[in-house]
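Participant: Could you work out the structure for the sequence below:
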Amino acid sequence: MALSEVYISRYPQSHGRIAMVRTLSARVGVVSLVVGPLLIAGGDLMWKDTLHDETLVWHAPTNKLEKAAKQTPKNPQVHGMLGLLYHRIGDDKLAEKEYRTALELAPGDPEQLNNYAIFLCSVGRADEGVSRFEEAAKNPLYRTPWAAYTNAGVCLRSAKRDADARSLFLRANQVNPNFAEAIVQLADLDLADHQPADAYRRTSDYLKTNPTSPDILLLGWRAAHELKDPVGAAQMAWRMQSDFPDSDQAHTLARLSAGKN
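Facilitator: You can find the predicted model right below:
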């Protein structure tokens, strides 16, 4: 999976509600980047618990990429990765400069557009970010336009523009009906809009033809519970326990079933 497509991470919300608004910064493991004849080993970029540790971890690959940028100054991938790393260590001015440089070197490149859009959304510039996501999605060379549309919707949800976000999730679902994240987002919006029947229909239809997903199952259970459908809720709970017994979603479902917040 390309780095630009790793765009989602969950964080808990209170009152037992599943968290559907996602952070837009990429979460990556070990990254290696090919830059012309060079192979830049990004090192271990796993998240740390504190900002201090996180900053230390990200500085090492940033230094290596700065060297690579001097050696291969016209490589857009290097500048795009530098933008990501500068953002992660808190230098947004340099980050934007690198993202813009990447796009100057590769105008219209969907990967660079997606990366820059993630950055724009993460700093509160939602309209600009959505515009870049849509530009990437419309590029015929982009292999996963549904991911860009979903990213754009997540960006708008973070800006508390759920109605606009819904239209983008629907577009993602239209392009790829099997993309789980678009279903997750739409079902969560259905529940937020007090439409559990729609949420249950979405999750049930998805599960008929696709592998199970703990997020889909939890949303399906919540929808069935709100509809006072004990059979539907029991089916979702059984599949969760069978397929994902140790997942966070399974623990959340157990707490909700027990009536705990």
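Participant: ok, now which ones touch Lys138?
Facilitator: Counting by CB atoms under 8 Å, 6 or more residues apart in numbering, Lys138 touches Pro145. No exception for glycine: its C-beta is placed from N, CA and C like everyone else's.
Participant: Look up how far Gly83 lies from it.
Facilitator: Look at Lys138 and Gly83: by CB to CB, to the nearest Å, they are 22 Å apart.
Participant: do His225 as well
Facilitator: 43 Å.
Participant: Looking at those two, which is more packed in?
Facilitator: Gly83 (28 against 19; other CB atoms under 10 Å).
Participant: from what I can see the more buried one touches Lys93, true?
Facilitator: No - counting by CB atoms under 8 Å, Gly83 sits too far from Lys93 to count as a contact (11.0 Å).
Participant: Thr209 against Asn178, yeah?
Facilitator: Yes - counting by CB under 8 Å, Thr209 does reach Asn178; the two are 7.3 Å apart.
Participant: Pick out whichever of the two has more residues nearby.
Facilitator: Asn178 (12 against 8).
Participant: How about the more buried one, nearest residue that isn't a chain neighbour?
Facilitator: What sits nearest to Asn178 in space, not counting adjacent residues and going by CB to CB, 6 or more residues apart in numbering, is Asn210, at 5.5 Å.
Participant: now Leu105
Facilitator: For Leu105, ignoring the flanking residues on the chain, the nearest one in space by CB to CB, 6+ apart is Pro76 at 4.1 Å.
Participant: neighbours of His193, just the number please.
Facilitator: Residue 193: Asp, not His. Asp193: 13 surrounding residues under other CB under 10 Å.
Participant: Please apply the same query to Arg166.
Facilitator: Around Arg166 there are 18 other residues, counting by other CB under 10 Å.
Participant: Tell me the first helix or strand C-terminal of the helix or strand it falls within.
Facilitator: Taking DSSP states H and E as the criterion, Arg166 maps to helix 162-175. Using DSSP H and E, the next helix or strand after helix 162-175 towards the C-terminus is helix 180-192.
Participant: pLDDT score assigned to the nearest residue to Pro110 once chain neighbours are set aside?
Facilitator: With CB to CB, 6+ apart as the criterion, Pro110 has its nearest non-adjacent residue at 3.6 Å, and that residue is Tyr142. Among the per-residue scores, Tyr142 holds a pLDDT of 89.
Participant: same deal with the one 4 residues further on?
Facilitator: Taken from the predicted model, the pLDDT recorded for Trp146 is 95.
Participant: Could you tell me how many residues sit around it?
Facilitator: Trp146: 22 surrounding residues under other CB under 10 Å.
Participant: now the helix or strand that contains it, how far from the centre of its chain.
Facilitator: Assigned by DSSP H and E, Trp146 belongs to helix 145-158. Put simply, helix 145-158 sits 8 Å off its chain's centre (CA atoms, centre = their mean, to the nearest Å).
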